[in-house]
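# How does the following fold in three dimensions:
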Amino acid sequence: MHHDVIELRKFYYNRALGRVVQKVLRDRLTQLWPPDKTAGMTLAGYGFAAPMQRPYLGRSRRVISLMPGPQGVMAWPPGMPNCAVLCEETAWPLDTGSVDRLILLHALETADHSQAVLAEAWRVLGPGGRMLVMATNRTGLWARSDATPFGFGRSYTVGQLEALGRSAGFVAETTGAALYIPPSDRRFWLRSAQMWERMGSRVSQVLVAGVVLGEFSKQMQAPIGRLRRLTVPSPLDLLEGIARPKPAGSGKIARGRGEPSHLHRAAVPEAGKPGSTDR
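Below you'll find the model as predicted:
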């Protein structure tokens, strides 16, 4: 079952609980990746990462929001040039190695092929690029509620998220959790959300959290093994005929230096010898 972009937009922008979730997750993201540190970088998101990307608009060199076909796409950000694009989960319209930071939100839980999604993430990330995955916590209350987008599709533990990233070739950098309030619209929980986030991060990382976080990096290993010697011919060897010209037929007939091959020197008798002419 895939998400619907209309329902996702209603949750994050029209529902009070969704706006609280947006602020909680966005604060965790900006603590990890401060917007002022992304100047000159390309930041992309896949799934429904648009609510997390707004702080980077106008600061990063380029911001792109990729939304999978079964989910649908919406124009984003409103009132500004569109940065959202509809794509296949295994064919993103981005050049290889063109992304510096990548956010995955509501991406792996409903993907038809989660490994293929991570393979595409590996392709578009440049060497040293970072990816942050936000996924539903399997042991949390949010995975058991159908009233929020976190109750759809697969859920993960921190260990499963790390194993999935390593199998795609990524290196796990940091892990964590967020969203410690229950999935409730009651004002008490909404108003005390920040207090529960501070308390939850100190008491337990994943016990009651609704979302698990995993930051991964793309590391390119240097080639190892026996070195193979590479021989490069010198310019003199390539241009041997020009650098050191050899006269045609050398060694057969001795000629004067600089004498053309078709001329012959005429015999001139010396003076005072028979056949000479003195006047």
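# In this protein, which helix is the longest?
helix 16-32 (DSSP state H).
# what does that helix rub up against?
By CB atoms under 8 Å, 6 or more residues apart in numbering, the list of residues contacting helix 16-32 from outside reads 10-13, 51-52, 54-55, 103, 105, 132, 134, 148, 174, 176, 178-179, 181, 183-185, 190, 193-194, 197, 211, 213, 215. Just so you know, the C-beta spots here come from the backbone N, C-alpha and C atoms, and that holds for glycine as well.
# for stretch 179-187, same thing?
Here stretch 179-187 has contacts from 15-17, 20-21, 24-25, 140-142, 145, 147-148, 150-151, 189-190, 192-193, 196-197, 199-201, 208-211, using CB under 8 Å, 6+ apart.
# Please check these and keep the buried ones.
By neighbour count, with 16 or more other CB atoms under 10 Å, these hold 17, 20-21, 24-25, 140-142, 148, 150-151, 189, 193, 196-197, 200, 208-211 as buried.
# Pretty sure P149 is one of the things F11 touches, is it not?
Yes. If you go by CB atoms under 8 Å, F11 and P149 touch, sitting 5.8 Å apart.
# The two: which has the busier surroundings?
Taking neighbours as other CB atoms under 10 Å, F11 and P149 compare with P149 leading, 24 against 21.
# list the contacts for that one?
H3, E7, L8, F11, F48, H106.
# Can you give me the pLDDT of it?
Per-residue pLDDT puts P149 at 94.
# Report the separation between it and L104.
Using CB to CB, to the nearest Å, P149 is found at 14 Å from L104.
# quick revisit: show only the entries of the contacts of stretch 179-187 found in helices.
Judged by DSSP H, the contacts of stretch 179-187 include 16-17, 20-21, 24-25, 189-190, 193, 196-197, 199-201 as members of helices.
# Could you single out the nearest of those residues to S65?
Looking at the ones in helices among the contacts of stretch 179-187 and their distance to S65, the nearest is L25, at 15.1 Å (CB to CB).
# Which pLDDT value goes with that closest one?
pLDDT, L25: 96.
# One more: T231?
Per-residue confidence at T231 stands at 63 (pLDDT).
# now the one 10 residues further on
G241 is assigned 52 on the pLDDT scale.
# just checking, G151 touches S145?
Yes. At 4.7 Å, G151 and S145 qualify as touching, with contact defined as CB under 8 Å.
# Run the chain-centre distance for stretch 75-93.
17 Å (CA atoms, centre = their mean, to the nearest Å).
# For that stretch, buried residues please.
Neighbour count says stretch 75-93 has W76, C83, A84, C87, E89, W92 buried, by 16+ other CB under 10 Å.
# So among these, where is pLDDT lowest?
Per-residue pLDDT puts E89 lowest of these, at 92.
# which of the ones in helices among the contacts of stretch 179-187 lies closest to P127?
Using CB to CB, the ones in helices among the contacts of stretch 179-187 come closest to P127 at L25, 27.2 Å.
# where's the closest one relative to E88, distance?
Taking CB to CB, one finds L25 at 26 Å from E88.
# Now do the helices for the stretch 101-250 of the chain: every range, in order, please.
114-124, 158-167, 187-191, 193-203, 235-238, 240-243 (DSSP state H, counting those that start in this stretch).
# Which stretch among the ones you listed is buried most, on average?
Of all the helices of the stretch 101-250 of the chain, helix 114-124 has the most neighbours on average by mean count of other CB atoms under 10 Å, namely a mean of 19.
# Now tell me what touches that helix from outside.
Helix 114-124 is contacted by residues 44, 46, 89-92, 94-99, 102, 104, 107-108, 111, 131, 154, 164-165, 167-170, 218 when judged by CB under 8 Å, 6+ apart.
# Just the buried ones out of those, please.
Counted by 16+ other CB under 10 Å, the contacts of helix 114-124 give 44, 46, 89, 92, 94, 98-99, 102, 104, 107-108, 111, 131, 164-165, 168, 170, 218 as buried.
# that's a strand at L66, yeah?
Yes. When DSSP: H, G, I helix; E, B strand; the rest coil is applied, L66 is found to be in a strand.
# I'd like to know how many residues surround it.
28.
# ok now do it, which residues does it touch?
In this structure, L66 makes contact with A44, G45, Y46, G47, A84, V85, C87, W92, P93, L94, judged by CB under 8 Å, 6+ apart.
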